[in-house]
Each structure stands twice: as C-alpha cells, then as structure tokens.
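1. below is the sequence, then the predicted model.
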Amino acid sequence: MSRAFSCLVAVLLSAPPALAQTPSQPARDTVTAVTGGTGVIRGRVVEAATGKGLSRVQVRANTNTAGPPPNPYPWLALTDGDGRYEIKGLPANTYAIVATKTNYVRSAWGEARVEGPGKRLPVADGQIVDKIDMKMTRAGVVTGKVVDEFGDPVTDVFVTAMRYQYVQGSRRLMQSGRGGSTNDIGEYRVYGLTPGRYFISASLRNFQGMSTESSERSAYAPTFFPGTGNVAEATRLTIAPGQIIPSTNMTLLPIQTARVRGIALDADGKPISNGMVNVMQRLGAAMVGNTGSAVQPDGKFTLNLTPGDYTLRVFGATVTDGAFTDVTVNGSDIDGVQIMAVKPSTIRGRLVFTDSVTGAPAPKPTAFDLGAAREWMIGQQVRHQAKVKDDYTFEISLPPGHVLIRGIANGQPAGPAAQPWRLNRVLVNDLDVADSGIEVGANSTIENVVVEWTNHSNEVTGKVTDADGKVVRDCFVILFAQDPAHWTVQTRHLAVSRPGLDDNFHTRLLAGDYYAVAMSDVETNAWTDPEFLALAREKAVKFTIADGEKKTIDLPLSAAPVF
C-alpha cells in the first residue's frame, strides 16, 4: 500500500519579525513600516493559565483592522524572555494591538471575545503608552485513533480539522490547524486549533495498482467523525481556548473504487507522453490527496477512485497552466475522460482617465497593479497579472474562464490637493462589466477592453452611537451597494471603516446608491458574503452619494447577523 493522502500545504505570509526592548536589557532592533513617528507602545504578553511571560510573541500595531495594512507591514516587535515588548516610531494615529504565537490563540488588546478585533489605542506624537498587556491561551487539540473495519489500527491516515470560513465571498469548508498522519498504532494529534466548531476528517487511499488494470478495487472513503462519508451527517466539535478533546476515534469506511480511464493531450491535440496525472479530492473548499499516476506513452491513464469530486491535473514538459479537468465519481466506471492542455488566451485593452475633479489636467499614476481574477480554488492560479505599457495599453495572458478585472494605481500624485486615482469602470463593447466579469474562451483574444480610472473623491463620514446615545469607536462600519449585482468579490462598491481619534469614520466611495451599517463585532471578511449583506441590509441606512459629494451619516450600533 502506498502512502495515504499527503498534507495540504498552507502558505502563510507574515512580516519579518523584530525584537523588543526592556528596561533591564540592552536595546534591540524594532522594525517599523514608516519612519518619522515618535510614539511608543510598551507592554507584556503572558500565558493566561500561568501568568508567565511568553517569549518571541509577535506583537503588531495595525492602523487598519478591516482590511490589508496600508503599509507593507504593520509596526511590530517580538517579546523578550519575560514577555515584554516595545514598538517605536509610531505616527499619531489609532492602533489595534495584536499578539500572535505558534500554538496559541491570537490575542488583541481589549478584545471582548476570543479572537475579537479588540479596542483601538490612540497614540499622540511623542507619547509613550505603557502597560498595554495581553494574555494568550494555548490553541485547542483533538486526539484519537483510526482503525479499519476489523478494529485494527491504520497507519498513515491523514487526519485534519475542517471548519467553515469566509473565503472570497462565501462560507467554505476549509482545513484548519495542523493536521497529520496516524502513527504505527493508528493514533493522531491535530493541534493549533483556534476556538470554533470543527469537523474531523480522516483520509486513506490505497493507490496500489492505481494506474493498472488490477482486479483489486477496494479502498477507504474519506471519513468524518464519528464515522460517516457525508459531512452533513458528521458531528461538529466545539473547541474552547486551550481545550484538549481526546478519544475522537474513527473507523474508516471500506468502499469499492471506480475505474477512471482517459487520455492526456497537449494544446495541439497530440498525446502527452512521460507525463503525470495528479489527483486531488475536493472536500468543501479544501483539497486532499496530492497523489497521482503516470501517463502511458500513448497519453492514456487509468485511475481507481472512490466516490467523490476530484480535480485531475496533468504535468509534463509540453503542458501549460490550463491542463486540468474536474471529475465526479459516483461508483460507476468512467471512460473517455480527456485532459487537454490549452494555449493561453489574451485580453488586450487600454487605461483611460476621467476628467479631473478640478477640471484642470491632473498628474496620472506612474504604475498600476492590474490583473484578471477568477474564482478562488486551491491548487489553481487565481490572479493573472497584466503588462501595462507606457502608452497605457495593457495585455493579460491567461487560461480560459470567467474573470474580473481588478487593480490599484501606484505612484499616486503627491501634495495636499492631490486626489488619488481608483478603478471606476471596465468597459467591453460600451458595457460596464466590472462586477459581472468577462467570459474568456479557449484560445481566444478579447480586444478593446477599456479600464477607466477616476480621481473624483466622494467622501462619507459620520459617528456611531449605542442604545444610550454614547459614541462608539470600537466597531466596524460597512458601506455596500443597494444593488445586489454589485455584491461580488473585490467589488468597487464596498468600503469597511472604523471610527478614528475624532470619533468619526471616514471612507470614500464611487457615486451610487448604498447601505450603511455599524456593527460592534464582525467575523473577518463576512462583508464579502452576499448572504451576510442580505441580512445586514435589514438593519442598514440607505443613502445616495453623487460624484464629488461629501456626506455625513450618523449610524446606530447594530448586532452582527447570525447564520
């Protein structure tokens, strides 16, 4: 028997760490994203259960917790051996202070719930803010044993925890924590789990004879605790901070495989030889498996697969990015599967700019980060970068499929009177397709796509108050289009803001009709989900903002909708 499903690799991007300074030790380097600030934040991070200082905790001071930081990295430092940290060089602003450490639950200063956004801390020029202390709790753990239908332990079963999370506009079942394989006596340990509700999944595949016509057709289906192949029938475990849930034992479900036969072809329709078919099974939005079978010299392949949804991808010297196909196995043999590599398609167009808000010629951006984005799927490229020339024409090379044109302008004009440029419309045959997208056919070229930028600034500001009429700073203000057609991923008609030192939220929007709602605690990226927005609008205020208009809207604090 070959090795079972291998672990799905998660790539975690983080800023370079910095070191903190304490009064009793020599000064250490502190990394800051922007120079020139004079504020300082100091504090200590301890373990909640013991009160002991935690070393090498990464502490960040972020000015924008509703989205990506405005700088390459937030201001940050690492704690010393006693858990103390110091962040220097802070410009006057309000900051969210967040602590992270492997195998501990993320902690934010002043958080009202575990993994909540926390309070925001005002820092003035030259101010030293001390005793910004935080407690951290160990992450959760699930342990157990996996056996076969005879009660014998099974080695090399990949076990993982899965939970629903917001990913690119919808709630998807995603792998979480540190999964791993069972040991020689069938035991597993899944760790690094943040508080929440999880499904436990175990996967073993017998790939012996996978690419042959062997008569052996038995294998094991992916199994969810306590012993079902259907996630709808699985038991969901609720894990509290630091909780260890033992004896989460599972019996693998034996099942007959189906034989899947097909052929791999290059972009000219010729058989691919000396290639490999990679097999990944889709569970929710996650993929497990990452195994495969050799392609024969005539391009043909044979796979033995249990029922489920799969993505088959061909790798080889003559294969381009588009050589993959999806297959659903329901227990019956499947013949005639074709995986054909495709030549890249092309989108060509130009950038144009609206008239300046002042009516006079305005400096244009010096660089653009422009690309075509497609629906997110593990194992596939999501964004294809455009090449923008000096004459503002551009070209994007990409596989076929449905894409959205998205981008930001870099090298913005400087000066107090300068207005930043932002994406306004994407025109194809004079129709705005910025939110509906473009369907790119195989081996096709789409010409004359117009990407329009505007520097018109339509500003919305206001205060948020609670039921007692008190001003609230620690909340999220979500502004989104009234038309659900604009509730798409990376829409131009969405803004998320938080009130600042002046007690007001500040944001900019394209002209149009919007809803505005303020909520004290919202799960990250919930505002990208149309179902969330449909519930949020029931508590929202309607408003319209015209081109060049500045509008003040005060909002009542609302509770986030519950799914």
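-> Received, thanks.
2. any idea what the residue sitting nearest the centre point of the chain is bridged to?
-> With distances taken as CA atoms, centre = their mean, the residue of the chain nearest its centroid is V167 (5.3 Å). Counting by DSSP bridges, V167 is bridged to S170.
3. so who does the closest residue to F315 other than its chain neighbours touch?
-> Leaving aside its sequence neighbours, F315 sits nearest to M276 (CB to CB, 6 or more residues apart in numbering; 4.9 Å). C-beta coordinates here come from the backbone N, C-alpha and C atoms, glycine included. Residues counted as contacts of M276 (CB atoms under 8 Å, 6 or more residues apart in numbering) are 292-295, 314-316.
4. separation between M276 and A161?
-> M276 sits at a distance of 30 Å from A161 (criterion: CB to CB, to the nearest Å).
5. before we move on, what about T137?
-> 17 Å.
6. these two: who's more crowded?
-> Higher neighbour count among T137 and A161: A161, with 27 against 19, using other CB atoms under 10 Å.
7. where's the more buried one, which helix or strand?
-> strand 158-167 (DSSP states H and E).
8. could you look up the SS state of Q338?
-> Secondary structure for Q338, judged by DSSP: H, G, I helix; E, B strand; the rest coil, is strand.
9. circling back: mind checking how far the residue nearest to the centre of the chain is from T524?
-> 11 Å.
10. overlap in contacts, those two.
-> With CB under 8 Å, 6+ apart, V167 and T524 have no common neighbours.
11. so who does W453 touch?
-> Contacts of W453 (CB under 8 Å, 6+ apart): 351-354, 365, 409, 421-424.
12. over to T235?
-> 199, 224-226.
13. need the pLDDT of it.
-> T235 is assigned 94 on the pLDDT scale.
14. kindly report the same for A434.
-> 91.
15. residues near the nearest residue to it once chain neighbours are set aside, how many?
-> Take A434 and drop its neighbours on the chain: the residue closest to it by CB to CB, 6+ apart is V426, 4.1 Å away. Neighbour count for V426, taken as other CB under 10 Å: 23.
16. correct me, but P271 touches L265?
-> Yes: checked against CB atoms under 8 Å, the pair P271 and L265 is within contact range at 6.1 Å.
17. who's more crowded, those two?
-> Under the criterion of other CB under 10 Å, the comparison of P271 against L265 puts L265 first, with 19 against 15.
18. check contacts around the more buried one.
-> Contacts of L265 (CB under 8 Å, 6+ apart): 271-272, 299, 338-341.
19. emit the PyMOL select command for whichever of the residues you listed are buried.
-> A single PyMOL command selects the buried members of the contacts of L265 (16 or more other CB atoms under 10 Å):
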select buried, resi 272+299+339+340+341
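20. closest one to S520 out of the contacts of L265, please.
-> I339 (49.8 Å; CB to CB).
21. I'd like the next helix or strand past the lowest-mean-pLDDT helix or strand in the chain.
-> Lowest mean confidence among the helices and strands of the chain (mean pLDDT, DSSP states H and E): strand 286-294, at a mean of 67. Remark: after strand 286-294, the chain's next helix or strand is strand 300-305, criterion DSSP H and E.
22. what pairs with that next one, parallel or antiparallel?
-> As assigned by DSSP bridges, strand 300-305 forms pairs with strand 258-265 (antiparallel).
23. figure out how far the following helix or strand past the partner strand is from the centre of its chain.
-> The helix or strand immediately downstream of strand 258-265 is strand 276-283, counting by DSSP H and E. Offset of strand 276-283 from its chain centre (CA atoms, centre = their mean, to the nearest Å): 22 Å.
24. average pLDDT for strand 276-283?
-> pLDDT averaged over strand 276-283 gives 80.
25. and it, C-alpha only, in PDB?
-> What follows is strand 276-283, C-alpha atoms only, in PDB (Å, rounded to 0.1, in the frame of the first residue of the first chain):
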ATOM      1  CA  MET A 276       1.900  12.500 -14.700                       C
ATOM      2  CA  VAL A 277      -1.800  12.800 -13.700                       C
ATOM      3  CA  ASN A 278      -2.100  14.500 -10.300                       C
ATOM      4  CA  VAL A 279      -5.300  13.600  -8.300                       C
ATOM      5  CA  MET A 280      -6.800  15.900  -5.700                       C
ATOM      6  CA  GLN A 281     -10.100  15.200  -4.000                       C
ATOM      7  CA  ARG A 282     -12.300  18.200  -3.100                       C
ATOM      8  CA  LEU A 283     -13.800  18.300   0.400                       C
END
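26. can you give me the strands in the stretch 301-450 of the chain?
-> Using DSSP state E, counting those that start in this stretch, the strands of the stretch 301-450 of the chain run over 308-315, 324-329, 334-340, 345-353, 367-374, 383-388, 393-398, 401-410, 422-428, 431-432, 438-440, 445-454.
27. kindly reformat the ones you listed as TSV containing distance to N230.
-> Below are those laid out as TSV (distance: least, CB to CB, whole Å):
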stretch	distance to N230
strand 308-315	11
strand 324-329	15
strand 334-340	21
strand 345-353	38
strand 367-374	29
strand 383-388	34
strand 393-398	36
strand 401-410	30
strand 422-428	41
strand 431-432	42
strand 438-440	34
strand 445-454	42
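28. mind checking which of those is nearest L509?
-> strand 422-428 (10.0 Å).
29. phi, psi of W527?
-> phi -70, psi 0 (degrees, to the nearest 10).
30. and it, how many residues sit next to it?
-> With other CB under 10 Å as criterion, W527 counts 24.
31. pretty sure it is touching V477, no?
-> No: using CB under 8 Å, W527 is not in contact with V477; the gap is 10.4 Å.
32. which residues are in contact with both of these two?
-> Contacts common to W527 and V477, judged by CB under 8 Å, 6+ apart, are V496.
33. show me what contacts the nearest residue to V352 once chain neighbours are set aside?
-> Excluding the flanking residues, the one nearest V352 by CB to CB, 6+ apart is E452, at 5.2 Å. Taking CB under 8 Å, 6+ apart as the criterion, E452 is in contact with 351-354, 423-427.
34. and V472, by the same measure?
-> Taking CB under 8 Å, 6+ apart as the test, what V472 contacts is 464-466, 499, 518, 520, 557.
35. buried only: go through these for me.
-> 464-465, 499, 518, 520, 557.
36. picking up where we left off before, wait, which of the contacts of V472 is closest to L303?
-> Using CB to CB, the contacts of V472 come closest to L303 at S520, 50.8 Å.
37. touching, that closest one and V477? I think so.
-> No: the pair S520 / V477 is not scored as a contact, 11.0 Å apart, by CB under 8 Å.
38. before we move on, back to that, of the contacts of W453, closest to D309?
-> L423 (34.6 Å).
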